[in-house]
Every structure is written in C-alpha cells, then in structure tokens.
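Chemist: no sequence for this one, just the structure:
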Ligand SMILES: NC(=O)C1=CN([C@@H]2O[C@H](COP(=O)(O)OP(=O)(O)OC[C@H]3O[C@@H](n4cnc5c(N)ncnc54)[C@H](O)[C@@H]3O)[C@@H](O)[C@H]2O)[C@@H](O)CC1
Ligand SMILES: Nc1ncnc2c1ncn2[C@@H]1O[C@H](COP(=O)(O)OP(=O)(O)O)[C@@H](O)[C@H]1O
Ligand SMILES: [K+]
C-alpha cells in the first residue's frame, strides 16, 4: 500500500525533521536518491548528456545537486535555468563538479533538449501553484517532444501535488522520483498520467508523518481481502446477492450486473425484474434464481436470505422505481446504489434515508451523477474530483466511489483511496454495470463497503487490462477478465508470502 500526504503535512514533517539535522542534509538525501534513479535510466553515466530544467526553488536545488553527482561520475550535465534565480548551493555544487549552467534562451533550448540522453525536470515541486508560466511552459512542451526520457523531481512540474489537477501545461514524465512520502496528485489523473512510474526516496520523514491523506492499493494489498470459500462454505454462507437492475428498456444492464457478480464469485445471485428481463438474464446466466416482479407496481423487497443488494443500473426513475429504492434503503442490508438509483437520490426524496441508515451504503456515481448529488456542475466535479468525492461522503454519510479515469473511494473520516488499475478502454457503455456486480458480490461475501469498493475497482481495472489484449473491449468482454484478474492477484500474494 502506498501512502500519500498533502503538501501542508509534508511541510510540517520536513520542518520537524530539518530542525534536528544539519542545514541542507535533507536536500542532499533527496538529490542522492534522485541521482541513483537517473543513473539507472542511462546505459552508462560516463559521457551521457543530461539536461536539468531548473526552477527558482528547492525543487531546482534537488536537480542541481543530483546533476553534480552525475557530473562527478563523468556525465555531461547542462542546467537550463527557467527562472531569474536558482538554488545557490546547488549551482555552486554543479559548477564545482564541472557541469555547465545557462539561462533559458528560446532559440537554443530546443537543440539542448533534443540532444539530451536524459532530461531532469526540476522546475517545480510542492511549491508549484497554478498553470506553468513561461518559460517553464515552453520547456515542458520541448521536453514532451524531445526523444530522451524525462525524470520529474518530486512531481511533474505543473501537476498540483494535492489534487493531481493540471491547469494549462505540465511536464509529462516517464519516471517521477518523489521524496519522503507520495503526494496525492501522483495517484489522481491527470497528475497520475503525467507522473509515469513513481519511485519513492526515503529521506527519513516517516517518523514525522501522521496517518495518510490518501492511499493507493496494489495487488498485494487486495489479495488478502478477496473472499476465499472454505470447507464449511455453502451457497448461503458465501453470500446471496440481490440484484435490482435492468428494465424493459435496458435489459443488458441486468445481464451485465449479474455477470459481474457471478464472475467475481458469490454463493447465489437472486435477480428480480420484469419478465422479459428475467428471460434474458436466465438465457445468459441459468445459475441465477430469478423472480418476475414489476418494480413499478410491486415494491416488496423479499430479499430471501440476501446479504447485500445492488440497485439502480438501467432500472428507471419512475415513481415505482422510487418506491422500490425506498424499500431497499429502509432494509438493514448493505446496499450498493448506482445509476438510476443515484438519480432518484439526487432528486432529494431519499437522500435523508441514505444519510441516516445504519447498514453499509455505497454510492457509485460518475462525475455527472456526483454533480447531481451535490447540486453542482459536472465540470466542477471533473476539475476537483478529490474535493467532491470527500464532500459527498461527508454530506451523505456513506461510502462514495467516484468513477472516472482515476476512481476515487471516500468514506467519512478515512483517507481517500485512489484506484491504480484500469485502462481508458473501460470507458464503454455497460462497464459501470459490471463494476456494480463485482462490488455487490464482494459486499454479499461480507466485505465492508469501503473494502469492497476498493477491491472491486482494483479487480475491474485489472480485468479490463487482462481482457483487452491491445484491442478495444466491450463490457461483456470485461466479464471474462474478472476470474483471470482474481487468479493473478491471488498468485501475486502467494509469491509474496513465500
Ligand atoms: N523542504 C524540504 O525539506 C525538502 C524539499 N525538497 C524539494 O523542495 C521542493 C519544494 O521547494 P520550494 O518550496 O522551494 O518550491 P518549488 O521549488 O516547488 O517551487 C517554488 C518556485 O516556483 C515558482 N512557481 C510557483 N508556481 C509557479 C508556476 N505556476 N509557474 C512558474 N513558477 C512557479 C515560485 O515562484 C518559486 O520560485 C520539493 O518539491 C522538493 O523537490 C527536497 O529537497 C527534500 C527536502
Ligand atoms: N478514461 C478512463 N480510464 C479508465 N477508466 C475509465 C475511464 N473512463 C471511465 N472509466 C471507467 O469505466 C467505467 C464506466 O462506468 P459508467 O460511467 O457507469 O458507465 P456505464 O453507465 O455506461 O456503465 C467506470 O468504472 C469508470 O471508472
Ligand atoms: K518537478
């Protein structure tokens, strides 16, 4: 599990640590770690051309000291100063080690960057604010088109460290070397996409850091959460999931939600819906126990021995659907509400019930649905996803999973989790229905809502990557990837444990 801390927390921890260390010691630790990663990216250090993009703050200082280390090992190091000042100690160290230093010049910068074997982005770190200004923006553009790999110092310049937001230009890095702790923006798109592979350099900050602001889970963290049936298991003990998805208009939503649950592994799926949808679900999934109900006239939940309910995908927003959702939310079962159920909740009539119910509740909106839940615009949510998902969890007093290129999971009082798996190929109709089924199965198996959401999003993304094989996938294709993803994740855990 990778823990991230916001800039405010990093600054406090750094101040506490610096007070006990000789001046400059932290920057030297950071720069040494940076130089080691840079050296690994070069076929050989001696004779390689390294270009440092140097801003006016300590981020530039890190780059200059690392450049001095590489220069001392025989690299040809050139620093391009993006600002009108640069870290004095770093400049002196680079000069002493034989590196060259020049101010940014528009007419020569392109040649300098295109001749490089490695570009080190030390323009802005956690002190960056807003979109990159010139000449930083020009250098970010040149670095993106130059052939050499780009290493970002602490974070790609132009990425907001706390949120991953990018306003205007930002560096696109192949590798980011971050110091002391991960920054949330390295795990949230578009920042995550700009960061490339992220290395953490230990500078001794750990003991000064409080609990994380954000978490990113890896296979090894997910594996122990995945339910494993034991010898005593029967279909009821493994968990029965009740699915209330699909309608005469959207029959596929039922098929995909049920499929997501079955492929994830659950004791039983019990489907209830209009008769033509039941026929279609049974044609595809004969193992389902299905009940003909017209959700528009019958609101009896009759969950049998259900352990959790998924409600909403393709279900409709008519008065009968509102009544059905009301009954489900009034139950003491764990509930995952998606799609149309979210539209109904956003309309206001049932939001109090969500807020006050004591059983686990998970809402799985995309940005448009979250905007409706929070009575704001989709663009607002897209621009500040972390802020909005946190607010929704707090105001609705439940777990909220915000879908998108980085899926975020928030629960009141807990650090937000950023999902690290997936592919843009997931942006295809019906893939959200599959996600609801996956997470519903995990909730029915007994996982708490937040763990089920974290695990489900991770599995969903892994399943997509395993299913696509380089070509586009449909939501149905995604289903075949789920068991393979589970096997891979479990295998990873076994290897780790040996
Ligand atoms: N504080 C510490 O103890 C440590 C800090 N370290 C490094 O120090 C960095 C933070 O240094 P600073 O606080 O000096 O801040 P930065 O170096 O990140 O940036 C500050 C400079 O950038 C300029 N700037 C801000 N936004 C801009 C924009 N949009 N366009 C153009 N210029 C902009 C500011 O005017 C200022 O000159 C970290 O990211 C890390 O790389 C490391 O050396 C580890 C130890
Ligand atoms: N650019 C992207 N990169 C990765 N995953 C994405 C991207 N866009 C969407 N997704 C994922 O695809 C799924 C889409 O779900 P949703 O918006 O509910 O679609 P639908 O309702 O059509 O099923 C979500 O899991 C979301 O996180
Ligand atoms: K940087």
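Modeler: Perfect, thanks for sending it. Keep in mind that this is a model prediction, so the values were computed, not measured. Numbers count the residues shown, from 1 in each chain. Ligands and ions are numbered 1, 2, ... in the order given.

Chemist: ok, residue 292 - contacts?
Modeler: For residue 292, the set of contacting residues under the criterion of CB atoms under 8 Å, 6 or more residues apart in numbering consists of 272-275, 278. C-beta coordinates here come from the backbone N, C-alpha and C atoms, glycine included.

Chemist: go again using 10 Å as the cut-off
Modeler: By CB atoms under 10 Å, 6 or more residues apart in numbering, the contact set of residue 292 is 271-279, 298.

Chemist: excluding sequence neighbours, find me the nearest residue to residue 28.
Modeler: Take residue 28 and drop its neighbours on the chain: the residue closest to it by CB to CB, 6 or more residues apart in numbering is residue 65, 6.4 Å away.

Chemist: hang on, the earlier thing: farthest pair in the contacts of residue 292?
Modeler: 279 and 298 (17.8 Å; CB to CB).

Chemist: before we move on, back to that, specify the local secondary structure of the residue nearest to residue 28.
Modeler: With DSSP: H, G, I helix; E, B strand; the rest coil as the basis, residue 65 sits in helix.

Chemist: and it, how many residues sit next to it?
Modeler: 26 (other CB atoms under 10 Å).

Chemist: what of residue 371?
Modeler: Taking other CB under 10 Å as the definition, residue 371 ends up with a neighbour count of 19.

Chemist: so which strand or helix has it?
Modeler: helix 367-374 (DSSP states H and E).

Chemist: which residues touch that helix?
Modeler: When contacts are taken as CB under 10 Å, 6+ apart, the neighbours of helix 367-374 outside the stretch itself are 312, 338-343, 345-347, 351, 354, 363-365, 376-383, 385, 388-389, 391-392, 395-396, 400-404, 408, 432.

Chemist: buried members of the residues you listed into PyMOL, please.
Modeler: PyMOL command restricting those to the buried ones, with burial defined by 16 or more other CB atoms under 10 Å:
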select buried, resi 312+338+339+340+341+342+343+345+346+351+354+363+364+365+381+382+385+388+389+391+392+396+400+401+402+403+404+408+432
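
Chemist: please flag which of the contacts of residue 292 sit within helices.
Modeler: Using DSSP state H to define helices, the subset of the contacts of residue 292 located there is 275-279.

Chemist: tell me the one among the residues you listed nearest to residue 316.
Modeler: Scanning the ones in helices among the contacts of residue 292 for proximity to residue 316, where the rule is CB to CB, the winner is residue 277, at 11.2 Å.

Chemist: pretty sure that closest one contacts residue 284?
Modeler: No. Counting by CB atoms under 10 Å, residue 284 is not a contact partner of residue 277; they are 11.1 Å apart.

Chemist: neighbour-wise, give me the winner out of the ones in helices among the contacts of residue 292.
Modeler: Across the ones in helices among the contacts of residue 292, the neighbour count under other CB under 10 Å reaches its highest value at residue 277, namely 27 neighbours.

Chemist: in contact with the residue of the stretch 201-350 of the chain at minimum distance from ligand 2, which residues?
Modeler: With CB to the nearest ligand atom as the measure, the residue in the stretch 201-350 of the chain that lies nearest ligand 2 is residue 339; the distance is 5.9 Å. Residues near residue 339 by CB under 10 Å, 6+ apart: 245, 250, 253, 257, 311-317, 364-366, 369, 432-433, 436.

Chemist: and what about residue 310, helix, strand or coil?
Modeler: Of the three states, residue 310 takes strand according to three-state DSSP.

Chemist: let me redo that: residue 69
Modeler: Under three-state DSSP, residue 69 falls in the helix class.

Chemist: ok, residue 388 next?
Modeler: helix.

Chemist: name the helix or strand for the nearest residue to it once chain neighbours are set aside, please.
Modeler: Nearest-residue entry for residue 388: residue 381, 4.6 Å, with adjacent residues in sequence omitted and distances by CB to CB, 6+ apart. In this structure, residue 381 sits in helix 378-383 according to DSSP H and E.

Chemist: what's the end-to-end length of stretch 133-152?
Modeler: Counting by CA to CA, to the nearest Å, the length from the leading to the trailing residue of stretch 133-152 is 17 Å.

Chemist: pLDDT averaged over that stretch - what is it?
Modeler: The average pLDDT within stretch 133-152 is 97.

Chemist: any idea how far that stretch is from the middle of the chain?
Modeler: Between the centre of stretch 133-152 and the centre of its host chain there is 25 Å, according to CA atoms, centre = their mean, to the nearest Å.

Chemist: what of stretch 192-199?
Modeler: Relative to its chain's centre, stretch 192-199 lies at 12 Å (CA atoms, centre = their mean).
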